[in-house]
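1. kindly return the folded structure for what I paste below:
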Amino acid sequence: MIVNFVCPRCGTEARAGGASWDVVCTGCGGSIRLEPSAAVLAGDGVDRCAVCGAEAFYLQKDINRNLGLVVVALGGLMVFWNFLIGIGVLVLLAIADWALYRMLPDATVCYACKSVYREGPKNPTHRGYELTVDEAFEGSGNMPAVVGGSEPNGPVAPTGQR
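-> Next comes the predicted model:
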């Protein structure tokens, strides 16, 4: 299983998983220690976030959102160039979207820190995104501790000392 997350200090995207759950941030050089649960280490699916410790997740299709937005925007612009061709392009894009939705795997996303877990089994208790659950975690500050590196206000406290 692989997890993509954001460094709590500098906002640089980081990746961990497999055999290594200790990460050195490429942006600030800080050491980030993730704490995967026994289920994650055993490959049984995500039950607790290795990044923030939260236990609330949702499923989404594992696709690049920016790419999808660009494709739809270009299809929409075709309508202004030639209406009938534009409508035809949008219909083709809808069919391609449906096919991709059926083929692409699901990714598990943590509500609290937005870490994305890929290439692992689905936990049957996780469902699709729910706004009310996400609002409960908004601004919760669940992020891992960073040790070392270049911190303008000194190093962040080790995990458990906040």
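2. which stretches of this structure form helices?
-> Remark: helices assigned in the chain by DSSP state H are 38-42, 65-81, 83-103, 131-137.
3. and the longest one, what does it pack onto?
-> Looking back up the chat, that one is helix 83-103. helix 65-81 (3 or more C-beta pairs under 8 Å, 6 or more residues apart in numbering; DSSP states H and E). Just so you know, the C-beta spots here come from the backbone N, C-alpha and C atoms, and that holds for glycine as well.
4. quick one: contacts of the helix it packs on?
-> I85, G86, I87, V89, L90, L93, D97 (C-beta atoms under 8 Å, 6 or more residues apart in numbering).
5. repeat for stretch 111-126
-> Counting contacts by C-beta under 8 Å, 6+ apart, the residues outside stretch 111-126 that touch it are 1-6, 17, 40, 43-47, 49-52, 54, 56-59, 62, 105-110, 133-134, 136-137, 140, 142-143.
6. may I have stretch 88-101 as PDB, with CA atoms only?
-> C-alpha atoms of stretch 88-101 as PDB (Å, rounded to 0.1, in the frame of the first residue of the first chain):
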ATOM      1  CA  GLY A  88     -20.800  15.300 -30.200                       C
ATOM      2  CA  VAL A  89     -17.500  15.700 -28.400                       C
ATOM      3  CA  LEU A  90     -19.300  16.200 -25.100                       C
ATOM      4  CA  VAL A  91     -21.300  12.900 -25.700                       C
ATOM      5  CA  LEU A  92     -18.100  11.100 -26.500                       C
ATOM      6  CA  LEU A  93     -16.500  12.500 -23.300                       C
ATOM      7  CA  ALA A  94     -19.500  11.300 -21.300                       C
ATOM      8  CA  ILE A  95     -19.100   7.800 -22.700                       C
ATOM      9  CA  ALA A  96     -15.300   7.800 -22.000                       C
ATOM     10  CA  ASP A  97     -16.000   9.100 -18.500                       C
ATOM     11  CA  TRP A  98     -18.400   6.200 -17.800                       C
ATOM     12  CA  ALA A  99     -15.900   3.700 -19.200                       C
ATOM     13  CA  LEU A 100     -13.100   5.100 -17.000                       C
ATOM     14  CA  TYR A 101     -15.300   5.100 -14.000                       C
END
